[in-house]
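**Student:** Fold the following and give me the result.
(chains A and B)
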Amino acid sequence: AQKITQTQPGMFVQEKEAVTLDCTYDTSDPSYGLFWYKQPSSGEMIFLIYQGSYDQQNATEGRYSLNFQKARKSANLVISASQLGDSAMYFCAMRGSNDYKLSFGAGTTVTVRA
Amino acid sequence: EPEVTQTPSHQVTQMGQEVILRCVPISNHLYFYWYRQILGQKVEFLVSFYNNEISEKSEIFDDQFSVERPDGSNFTLKIRSTKLEDSAMYFCASSFGPNQPQHFGDGTRLSIL
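**Tutor:** Just a heads-up that it's a prediction; the model follows:
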């Protein structure tokens, strides 16, 4: 079974600054995928970024980057140059090698201040 | 950009009634999923569907739930006899492959009275 832990229930960040959202995971699978999703207050789930466990380089997607530390089993999301529109709940999720499903963490609420 | 479409956006139903939630996945995607999110809680997996059959389901997905792909475009979740605790946001998702990112619809908010 996969377990995802997001220990920060809420964070505040100043506009234009960077913010790091923590995610640790637990799995015995040799191969897995890690995902981050954004959920604005309107409720939809928006895919942000993906990291495969065998990827050599950390994933980046625009202002989003994933700090993947396999030995530590962590997959932290970094949002650079925060914008007011980044205010949302952010979920870390994982898929094991034998799974179809995503297992989600509890989420972190980010509030960007002007 | 192609997207997953869910209807209705909000469904209000009396306890004990049947409800069908509808989804149109992204057209070239082959894997389909349902998740739910009870207000204020984490997103929970319900079921995945591939090649016209269930590929994985959670313990939440009991005999009250069923899924169907009635034609080439729709993917539905049926709850046979709704309970108060079925009130939640239900998300449909699809992916091209099992290892590819899952793209979610905007959700259907189900309220059971």
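**Student:** Spell out which residues of chain B are next to chain A.
**Tutor:** Counting by C-beta under 8 Å from any C-beta of the partner chain, the positions of chain B adjacent to chain A are B:31, B:33, B:35, B:42-45, B:48, B:50, B:55-56, B:58, B:89, B:91, B:93, B:98-99, B:101-107, B:109. In short, each C-beta sits where N, CA and C put it, glycine included.
**Student:** how about the residue nearest to the spatial centre of chain B, what does it touch?
**Tutor:** Among the residues of chain B, residue B:34 comes closest to the average C-alpha position under C-alpha atoms, centre = their mean, at 3.3 Å. By C-beta atoms under 8 Å, 6 or more residues apart in numbering or on different chains, residue B:34 lies in contact with B:21, B:23, B:46-47, B:67, B:77, B:90-93.
**Student:** which non-adjacent residue is nearest it?
**Tutor:** Leaving aside its sequence neighbours, residue B:34 sits nearest to residue B:46 (C-beta to C-beta, 6 or more residues apart in numbering or on different chains; 4.3 Å).
**Student:** what about that neighbour, which helix or strand?
**Tutor:** Using DSSP states H and E, residue B:46 falls within strand B:44-50.
**Student:** returning to what we had before: got a PyMOL select line for the buried ones in the residues of chain B next to chain A?
**Tutor:** Per 16 or more other C-beta atoms under 10 Å in any protein chain shown, the buried members of the residues of chain B next to chain A correspond to this PyMOL selection:
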select buried, chain B and resi 31+33+35+42+43+44+45+48+50+55+56+58+89+91+93+98+101+102+103+104+105+106+107+109
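**Student:** Get me the contact residues on chain A for chain B.
**Tutor:** A:33, A:35, A:37, A:42-47, A:50, A:52, A:91, A:93, A:95, A:99-107.
**Student:** The same query, at a cut-off of 6 Å, please.
**Tutor:** Selection of chain A residues close to chain B by C-beta under 6 Å from any C-beta of the partner chain yields A:43-45, A:47, A:50, A:100-101, A:104, A:106.
**Student:** list the buried ones in stretch A:36-55?
**Tutor:** In terms of neighbour count (16+ other C-beta under 10 Å), stretch A:36-55 has its buried residues at A:36-39, A:44-45, A:47-51, A:53.
**Student:** Looking at these, which is nearest residue A:1?
**Tutor:** residue A:53 (16.3 Å; C-beta to C-beta).
**Student:** can you give me the strands for chain B?
**Tutor:** With strands called from DSSP state E, chain B shows them at B:5-7, B:10-13, B:19-24, B:31-37, B:44-50, B:53-57, B:65-68, B:75-79, B:88-95, B:103-104, B:108-112.
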